[in-house]
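**Student:** Here's a sequence, model it:
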Amino acid sequence: MANPLKGEVGFKAGSGDFVLVYDFNALCTLEEDLGVGVEEIGEKLNSVSSLRTVFRAGLEAKHGRMTDIEAGNLIHQVGLTKAGDLVVKALKAAFPEASTGGKGKAKAGATGGTGPKP
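**Tutor:** A predicted model of the protein is given here:
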């Protein structure tokens, strides 16, 4: 089950439950696989092969190593548009301060996303 406080986004595909999360390792994988910095990942989402790569990396923290073919099969099951929406939602959850313009509503000491804890 997905924990939104940890930047996780859950979805169903076929008879399974899946979780996307862009933790530190997923972000490192994306930088390496896409050849861009973290701040440029969103610009790559207009390519279906890049979307598949981003989708795969987001699944690996909760579901272990996955091939591009396996990730592509999941995208096929949920649909391309929904897969893109899930990726965007999970990326925004990984950077809660950035998605709220630095005006997060978290109370002092509360943590969200996948970043370092205070």
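**Student:** Can you verify my assumption that residue 31 contacts residue 40?
**Tutor:** No. Applying C-beta atoms under 8 Å as the test, residue 31 and residue 40 come out as separate, 9.1 Å apart. For every residue, glycine as well, the C-beta is placed using N, CA and C.
**Student:** Mind checking which of these two has more residues around it?
**Tutor:** Taking residue 31 and residue 40 together and counting by other C-beta atoms under 10 Å, residue 31 has the greater number of neighbours (15 against 12).
**Student:** can you give me the strands in the chain?
**Tutor:** 9-13, 16-20 (DSSP state E).
**Student:** Can you list the strands that the first one pairs with?
**Tutor:** Read it as strand 9-13. Strand pairing for strand 9-13, determined by DSSP bridges: strand 16-20 (antiparallel).
**Student:** and the strand it pairs with, which residues are buried?
**Tutor:** Neighbour counts using 16 or more other C-beta atoms under 10 Å place 18, 19, 20 of strand 16-20 among the buried residues.
**Student:** you'd agree the last one is up against residue 11?
**Tutor:** Which is residue 20. Yes. Taking contacts as C-beta under 8 Å, residue 20 lies within contact range of residue 11: 7.3 Å.
**Student:** which residues do the two both contact?
**Tutor:** Common neighbours of residue 20 and residue 11 are listed as residue 86 (criterion: C-beta atoms under 8 Å, 6 or more residues apart in numbering).
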